[in-house]
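Colleague: Sharing a model that was predicted from the sequence below.
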Amino acid sequence: MPELPEVENVCLGLAQTVVGQTVTRVSLRRADVVRGSCRPTALLRGQVIQRIDRLGKQFALVGQQSTKGESPGSPACVCIHLGMTGSLRFYPNTRTFRPDNHTHIVWHLDDGGRLAFRDPRRFGGLWTFDSVASLKETRWVKLGEDALTITPTRLHAGLSTTQRALKAALLDQAVVAGLGNIYVDELLFGCGVSPLRPGYKVSLRESQRLVRKMRVILKRAIKLGGSTLRDYVDTSGRSGGFQLQHRVYGRSGQPCMSCGRELLYAAIAGRTTVYCRGCQS
Ligand SMILES: [Zn+2]
């Protein structure tokens, strides 16, 4: 599942390719991937894509009324969650564009390019809003602060009230938005904190360390294009490179890179967790 670094790479790709372009037509090939109004105007037809906003693993294409006056109505905003297998690919022209059964939405752009939302397993989807304010008030209000900007005090406040294992608490998007299975395991190993420790037993000092390390790991992963395990690709179809730097994720049974002990496996909150008993307490 794409986590913050992968989603951030998608946003960076969109900023370079579709921002500033006008949506001339929208082909909705499968309506049930859209929650909210499915009207082409709600999906930005006739609008200039003004910018891309992101919070955690979700992002939004923000429209602006086109000066060409293609369509009436207020500037819309489309929130996208990639789920497990969702992707958003940009094709500069139609020569290489081959929509298949899993291509659910295609935005036609005024320079001849296409933006395609594809999601074979359909755990992802789109939510349409008539403004960014309404997206923030109704949907993003349920999310915690973004993992790149959360303060130690805020993180500590979110952890101090829960008895859940730290792994489960950090996966909770209401505590901190953007982390998933990979980066939580890497973060906890990097900080020497056990994933099994109850949230309320994490001190403010440890929260400071968690926040510092979180930023380092996420920024490094963003720079390397994110992690590709199975299907993640960016808007140009490229895979990420950070999976080669995973120190614990996917390595259960192998020796710890720090102390040589065998890495352990646990199921926490129904998710695979890998950690070292020697290095994490
Ligand atoms: Zn170790």
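Modeller: Good, I have the coordinates.
Colleague: ok, which residues in this protein are in contact with the ion?
Modeller: 256, 258-259, 276, 278-279 (C-beta under 5 Å from the ion). For the C-beta atoms, the positions are set from N, CA and C on the backbone; glycine is no exception.
Colleague: Off-centre distance for the strand or helix carrying V274?
Modeller: Per DSSP states H and E, V274 falls inside strand 271-275. Relative to its chain's centre, strand 271-275 lies at 20 Å (C-alpha atoms, centre = their mean, to the nearest Å).
Colleague: Show residues contacting it.
Modeller: With contact meaning C-beta atoms under 8 Å, 6 or more residues apart in numbering, strand 271-275 is reached by 167, 171, 181, 185, 188-189, 194-196, 248-252, 263-267.
Colleague: Can you say which of these are buried?
Modeller: Those of the contacts of strand 271-275 that meet the buried threshold are 167, 171, 181, 185, 188-189, 194-196, 248-249, 251-252, 263-264, by 16 or more other C-beta atoms under 10 Å.
Colleague: Name the helix or strand for the residue nearest to D53 when sequence neighbours are not counted, please.
Modeller: Once flanking residues are discounted, D53 sits nearest to A60: 4.8 Å by C-beta to C-beta, 6 or more residues apart in numbering. Assigned by DSSP H and E, A60 belongs to strand 58-65.
Colleague: for that strand, packing partners?
Modeller: helix 4-17, strand 47-55, strand 77-81, helix 132-138 (3 or more C-beta pairs under 8 Å, 6 or more residues apart in numbering; DSSP states H and E).
Colleague: still on that earlier bit, can I get the residues of the chain next to the ion in a markdown table with distance to E137 and neighbour count?
Modeller: Listed next are these as a markdown table, based on distance: C-beta to C-beta, whole Å; neighbours: other C-beta atoms under 10 Å:
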| residue | distance to E137 | neighbour count |
| --- | --- | --- |
| C256 | 45 | 21 |
| S258 | 45 | 14 |
| C259 | 48 | 10 |
| C276 | 43 | 24 |
| G278 | 47 | 15 |
| C279 | 43 | 21 |
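Colleague: just to revisit the earlier point, return the subset of the buried ones among the contacts of strand 271-275 lying in strands.
Modeller: L264 (DSSP state E).
Colleague: Direction included, what does the strand holding A60 pair up with?
Modeller: Sheet pairing for strand 58-65, assigned by DSSP bridges, gives strand 47-55 (antiparallel), strand 77-81 (antiparallel).
Colleague: buried stuff in the first one?
Modeller: If I follow you right, that is strand 47-55. For strand 47-55, the neighbour count (16+ other C-beta under 10 Å) marks 47-55 as buried.
Colleague: Next, the distance between the ends of stretch 35-48.
Modeller: 22 Å (C-alpha to C-alpha, to the nearest Å).
Colleague: for L218, helix, strand, or coil?
Modeller: Judged by DSSP: H, G, I helix; E, B strand; the rest coil, the three-state class of L218 is helix.
Colleague: Compute the distance between it and the ion, please.
Modeller: 22 Å (C-beta to the ion, to the nearest Å).
Colleague: Would you confirm that that residue contacts I150?
Modeller: No - using C-beta atoms under 8 Å, L218 is not in contact with I150; the gap is 11.0 Å.
Colleague: which one of the two has more residues nearby?
Modeller: L218 (24 against 21; other C-beta atoms under 10 Å).
Colleague: quick one on the thing from earlier: what angle do the strand holding A60 and helix 4-17 make?
Modeller: 20 degrees (axes from the mean of the first three to the mean of the last three C-alpha atoms, to 10 degrees).
Colleague: heads up, I number from 418, so please use that
Modeller: All right, first residue 418 from here; so that's strand 475-482.
Colleague: Show me what counts as buried in strand 475-482.
Modeller: 475-480, 482.
Colleague: any chance of those residues in TSV, plus distance to R447 and pLDDT?
Modeller: Formatted as TSV, the buried residues of strand 475-482 follow (distance: C-beta to C-beta, whole Å; pLDDT from 0 to 100):
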residue	distance to R447	pLDDT
Q475	20	98
F476	20	98
A477	20	98
L478	18	98
V479	23	97
G480	21	95
Q482	27	81
